[in-house]
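[1] Output the structure for:
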Amino acid sequence: MTNPPAKGDGVPAEEPAPTAGGDNGLTVPPAEQFEAAMEDEAAEQAVAVEETAAVTRRKPWILRAAIYLTTANQVMVTVYSLILAAVVGAILIIVSDPYVRSTWGYFFSQPGDALSASWDAVATAYGALFRGAVVDPDKLNRWFYGMADLDAVLRPIATTFNYSAPLIFTGMAVALAFRSGLFNIGAQGQAVVGAIGAAIVGFSFTGLPTIVHLPLTLLGGLVGGAIWGAIPGVLKALTGAHEVIISIMLNYIGGYLLLWVISTKFVHSPDRTDAISKPASESALFPSLFGAGLPANWGIVLAVVVAAGMSWFLARSSLGFRFRTVGANPAAAKTAGMGVAGTYATAMAFGGGLAGLGGATILLGSTSHALTPSVAGTIGFDGITVALLGRAKPLGVVFSALLFGAMQAGASTMQTVAQIPVDMVTVLQAVIVIFIAAPALVKGIFHLREAKVSGQELSMAKGW
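    Numbers count the residues shown, from 1 in each chain. This is a model prediction of the structure:
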């Protein structure tokens, strides 16, 4: 009987399988490790989604709807945050009305008076807000019977569009930074510098057709904002300086730069003694959207188109993938060979360009079409709340900007009709952000179920 040959007697020993970093000298490149890990994670998520979908398909549609409405997903947390903000606003309206407060003094003897007065006060305030932001049903009815002009019907929604267009740009500027793992709190300064660039291009050229002059003016705003946004991005990439601190300081510098630019002989209007620049030429302005007598212009169309392009850019382009990967996990992105520092600088420059477009849109949509010390208002800071409410997604930013624009447009009507200060709108916006930033609070109030975590959750700036 023959014994089996031992190892080394002509039979090769079994070689160990190659491993990443093993003793046999065979290593898997880091990029392939990262791709393999991403593929495994994607496969696991696909299996989980398919299993969940299979279970869900077996349930009646009304039960599926009930499950969705009682789950703490992003959409429902946002919806319930808006509801809670409306409730808080209603309480403030009731408390601030002397007559309504007096009816609550004898609530236990005549509860109907307090409830009726409270309902009337809240309904009047929110009704006026709606009529000033969307449409006035009375004017719509009169126009239907030929007793009112169409301009009167369209003015509320036109005003909302005029407020919303720059908010979409600054909201996307902040959202893009969020998706890249950064906090662009400098959108205010970027919008100011963008307005400066747009104004200079707007009044420096005469005789150009609108099809040439308007894009040049917008390009001036985009370049100005991009340069201002690139400063904190480059400093972070080269020195590790925190973008929040740098961009906050640049907001102040941008504001004082605006004052200096307006005071120069080249920019200041020779016909005025107050702080105002030369107006942009007629050929540099947006065409009116609904007619010359209404404030809405094609800036809102441009904003929506840019938002749609940004959605495609983040989801489909290689640079957008790099932004999202660095924002989700910079260490893994670096392992895969992505330049994290360069991505930070590029993302801040892109965001600054978007905010600069917002500043240009404000300038071209104002009544004077000129620079003033308060030309940008608080549009950059409002963009932060818009990005938060929109979950840093372009479509969400558009809807949240329309909501905030509607609130600003209807504030004056609410003050005139219901004697509610316009500051109430600011309070409502702040309350919305508070609930958005505290989803656990919303979940506890409405007893929502825990939502499944997916790979598409919002990646906020690290450390903030």
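
[2] So what does M76 look like in phi/psi?
    phi -70, psi -30 (degrees, to the nearest 10).

[3] Just list the residues touching it, thanks.
    Y68, L69, T70, L448 (Cβ atoms under 8 Å, 6 or more residues apart in numbering). Just so you know, the C-beta spots here come from the backbone N, C-alpha and C atoms, and that holds for glycine as well.

[4] of those, closest to M249?
    L448 (40.4 Å; Cβ to Cβ).

[5] ok, A345 touching A241?
    No: at 11.7 Å, A345 does not count as touching A241 under the criterion of Cβ atoms under 8 Å.

[6] which of the two has more neighbours?
    The residue with more neighbours, out of A345 and A241, is A345; 21 against 13, by other Cβ atoms under 10 Å.

[7] Without its sequence neighbours, what residue ends up closest to the more buried one?
    Setting aside the residues directly before and after it, A345 is nearest to G233 in space (Cβ to Cβ, 6 or more residues apart in numbering), at 3.9 Å.

[8] related to what we said a few turns ago, next, format the contacts of M76 as JSON lines and append secondary structure and pLDDT.
    Below are the contacts of M76 laid out as JSON lines (DSSP: H, G, I helix; E, B strand; the rest coil; pLDDT from 0 to 100):
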{"residue": "Y68", "secondary structure": "helix", "pLDDT": "84"}
{"residue": "L69", "secondary structure": "helix", "pLDDT": "86"}
{"residue": "T70", "secondary structure": "coil", "pLDDT": "87"}
{"residue": "L448", "secondary structure": "coil", "pLDDT": "88"}
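
[9] give the contact list for A451.
    A451 touches T71, A72, N73, Q74, counting by Cβ under 8 Å, 6+ apart.

[10] need those residues in CSV with secondary structure, can you?
    As requested, the contacts of A451 are exported to CSV (DSSP: H, G, I helix; E, B strand; the rest coil):
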residue, secondary structure
T71, strand
A72, coil
N73, coil
Q74, helix
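
[11] Quick one, which of these are buried?
    T71, A72, N73, Q74 (16 or more other Cβ atoms under 10 Å).

[12] thought the second one was touching I445?
    The reference is to A72. No: look at A72 against I445 with Cβ under 8 Å: they stay out of range, at 10.8 Å.

[13] which residues are common contacts for these two?
    Counting by Cβ under 8 Å, 6+ apart, nothing touches both A72 and I445.

[14] List the contacts of the helix or strand hosting K443.
    In this assignment (DSSP states H and E), K443 forms part of helix 439-446. With Cβ under 8 Å, 6+ apart as the test, helix 439-446 has contacts from T70, A72, V77, Y80, S81, L84, F435, L448, E450.

[15] mind listing what the fourth one touches?
    Y80 sits next to F435, V442, I445, F446, L448 when contact means Cβ under 8 Å, 6+ apart.

[16] give me the number of residues near L218?
    Counted with other Cβ under 10 Å, L218 comes out at 24.

[17] what comes up buried for the helix holding K443?
    Going by 16+ other Cβ under 10 Å, helix 439-446 has these buried residues: P439, V442, K443.

[18] Check the average confidence over that helix, would you?
    Helix 439-446 shows a mean pLDDT of 90.

[19] same thing with stretch 190-200?
    Stretch 190-200 comes out with an average pLDDT of 97.

[20] Buried residues of the host helix or strand of V77, list them for me.
    Element membership for V77 (DSSP H and E) is helix 74-96. Residues 74, 76-78, 80-82, 84-85, 88-90, 92-94 are the ones in helix 74-96 that count as buried (16+ other Cβ under 10 Å).

[21] Same check on stretch 400-420?
    400-411, 413-415, 417-418, 420.

[22] any weak-confidence spans in the stretch 351-464 of the chain?
    Within the stretch 351-464 of the chain, the stretches with pLDDT under 70 are 452-464.

[23] In it, mark out all the helices, start to finish.
    379-389, 394-418, 423-437, 439-446 (DSSP state H, counting those that start in this stretch).

[24] Which of the three states applies to the closest residue to P373 other than its chain neighbours?
    Leaving out its chain neighbours, the residue that sits closest to P373 by Cβ to Cβ, 6+ apart is A275, at 5.5 Å. At A275 the chain is in coil, as set by three-state DSSP.

[25] got a pLDDT number for A275?
    pLDDT, A275: 93.

[26] Contacts only, for it.
    L259, I262, S263, H268, T372, P373.

[27] Tell me if I'm right that L182 and A345 touch.
    No: counting by Cβ under 8 Å, A345 is not a contact partner of L182; they are 10.1 Å apart.

[28] Could you name every residue contacting both of the two?
    Contacts common to L182 and A345, judged by Cβ under 8 Å, 6+ apart, are G233, K236.

[29] farthest pair in the contacts of helix 439-446?
    Those two in those that are separated most widely, counting by Cβ to Cβ, are L84 and E450, at 19.3 Å.

[30] Who's the closest spatial neighbour of L389, skipping the chain neighbours?
    L389's closest residue in space is S400 (Cβ to Cβ, 6+ apart), at 3.8 Å.

[31] distance of the one you found from A315?
    Distance of S400 to A315, computed by Cβ to Cβ, to the nearest Å: 19 Å.

[32] Could you look up the SS state of the closest residue in space to I384 that isn't next to it in sequence?
    Nearest residue to I384 in three dimensions, chain neighbours excluded: V174, at 5.2 Å (Cβ to Cβ, 6+ apart). Recorded secondary structure, V174: helix (three-state DSSP).

[33] Make a markdown table out of the contacts of helix 439-446 and add distance to G207.
    Shown next, in a markdown table, are those (distance: Cβ to Cβ, whole Å):
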| residue | distance to G207 |
| --- | --- |
| T70 | 63 |
| A72 | 59 |
| V77 | 54 |
| Y80 | 55 |
| S81 | 51 |
| L84 | 55 |
| F435 | 53 |
| L448 | 61 |
| E450 | 63 |
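
[34] Go through the residues you listed and say which is closest to T325.
    Closest approach between the contacts of helix 439-446 and T325, by Cβ to Cβ: V77, at 25.5 Å.

[35] what about the closest residue to L371 other than its chain neighbours, neighbour count?
    Distances taken as Cβ to Cβ, 6+ apart place S277 nearest to L371, at 3.8 Å, with adjacent residues excluded. Using other Cβ under 10 Å, S277 has 28 neighbouring residues.

[36] likewise T210?
    So T210, with other Cβ under 10 Å, has 15 neighbours.

[37] Break the protein into its domains for me.
    Here the domain parsing of the chain from automatic domain parsing is 65-118+424-464, 159-420.

[38] closest one to D151 among the ones you listed?
    Using Cβ to Cβ, these put domain 159-420 closest to D151, at 5.2 Å.
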